[in-house]
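> Need coordinates for the following:
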Amino acid sequence: MATKSTGVVHAPVHADERAQVTELLARYPDLSERELDAVKTWFKRTAGPLDVGMLASDTTIAEQYRAYRKDHHDRFSARDIGIAAVFLAITASIVGLIAMMSN
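Take a look at the predicted model:
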């Protein structure tokens, strides 16, 4: 176990979770909806940069890991597209106002 000034970090538990995700990714895309949700939740809420790096460098699951990332993480969500649309609308409005004021 590793310690921090704030208390004890349960590194073995974290390693166990990473091992579970590794086992699930080894079977990707043949996962149940529940298993897929568990993997998504782990990446979103638990995994740190070291965890992601360790999975990405694991040659035994490299193909499945890349497929999972392509299918679930490396895509724009509807929220991302909405934010981009709002940003573009605001930018276009500002440019339009500047153009009107300079005439």
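
> Which helix runs longest in the protein?
Secondary structure of the chain per DSSP state H: the longest helix is helix 78-102.

> any weak-confidence spans in the chain?
Scanning the chain with the threshold set as pLDDT under 70 gives 1-13.

> Recalculate using a threshold of 50.
Counting by pLDDT under 50, the chain contains low-confidence ranges at 1-6, 8, 10.

> which residue ranges form the strands in it?
Counting by DSSP state E, the chain has strands at residues 2-4, 7-9.

> Which residues are in contact with the residue lying closest to V52 once chain neighbours are set aside?
Nearest residue to V52, sequence neighbours excluded (C-beta to C-beta, 6 or more residues apart in numbering): F43, at 7.4 Å. (Glycine included, C-beta is placed from N, CA and C.) F43 makes contacts with V21, V52, H73, as judged by C-beta atoms under 8 Å, 6 or more residues apart in numbering.

> Fine by me, thanks again.
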